[in-house]
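>>> Here is my input; please provide its structure:
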Amino acid sequence: MDLTPFVDNLRRELAVAAGGEEVRAPAERLALALEPAARLVLLEALAAAADEITRELAPGSVDVRLRGRDPDFIVTPPPAPAAREGGFEGVAQPPAPPPQDDEGRTARITLRVPEHLKQRIEEAAEREGLSVNAWLVRAVSAAIDADSHSHSPFRNNSPRGRP
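Predicted structure coming up:
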């Protein structure tokens, strides 16, 4: 998605608001200086919109990715109804999306993984037709669900949860 028409429109509106010729040149300089901030605000609005759409589309998702200075949308549709309902015998189905609170809020987390693991995560997500984010959410949900039903090798029995 090219943000340039939106930024250009903002620049034109600022020039019109400036009024007379004596103010137009400083307004144009101000508009040029504000362009990076305007792009950032537009990207933040697009990311917030994608998060909102993802909440409504779950277990599908919409991700915003930058290509150069412009955003692209990556849409991962929810699985077909037959696949969601276990319609394929003998094929493991992905876990259900994690339950959301009443407001459907999401949180951001930074995860650092070794490069070789990142590559494997990206390949696994691609094989399943998911974004990396959607794949990781499902993987974490499955791990937490499995942990609550069995003894986990990750569980630590020390009083403070640390070795």
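>>> So, low pLDDT: which residues of this protein?
81-105, 147-163 (pLDDT under 70).
>>> So in the chain, which helix runs the longest?
helix 21-57 (DSSP state H).
>>> Pull out the buried residues from it.
27, 31, 38-39, 42-43, 46, 50-51, 54-55, 57 (16 or more other CB atoms under 10 Å). From N, CA and C alone the C-beta is placed, and that goes for glycine too.
>>> Next: stretch 123-138.
125, 130-132, 134-138.
>>> same check, this time on stretch 2-21
Those would be 3, 7, 10-11, 14-15, 18, for stretch 2-21 by 16+ other CB under 10 Å.
>>> what does it rub up against?
24, 26-28, 30-32, 34-35, 38-39, 42-43, 69-71 (CB atoms under 8 Å, 6 or more residues apart in numbering).
>>> angle of whichever helix or strand comes after the longest helix of the chain against helix 21-57?
Going down the chain from helix 21-57, the next helix or strand is strand 61-67, by DSSP states H and E. Put simply, strand 61-67 runs at 140 degrees to helix 21-57, going by axes from the mean of the first three to the mean of the last three CA atoms, to 10 degrees.
>>> and the next helix-or-strand element following strand 61-67, what does it pack onto?
Next helix or strand after strand 61-67 toward the C-terminus (DSSP H and E): strand 70-76. With contacts defined as 3 or more CB pairs under 8 Å, 6 or more residues apart in numbering; DSSP states H and E, the packing partners of strand 70-76 are helix 21-57, strand 61-67.
>>> Can you lay out those as TSV showing distance to Pro78?
Converted to TSV, the helices and strands packed on strand 70-76 look like this (distance: least, CB to CB, whole Å):
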stretch	distance to Pro78
helix 21-57	7
strand 61-67	9
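>>> gap between the residue of the chain positioned farthest from its centre and Glu28?
Here the centre of the chain is the reference, and by CA atoms, centre = their mean the most remote residue is Glu22, at 44.6 Å. With distances taken as CB to CB, to the nearest Å, Glu22 is found 12 Å from Glu28.
>>> Please enumerate the shared neighbours of the two.
If you check Glu22 and Glu28 against CB under 8 Å, 6+ apart, no residue is contacted by both.
>>> among the helices and strands packed on strand 70-76, which is nearest Arg108?
helix 21-57 (9.3 Å; CB to CB).
>>> Please compute how far the closest one lies from its chain's middle.
19 Å (CA atoms, centre = their mean, to the nearest Å).
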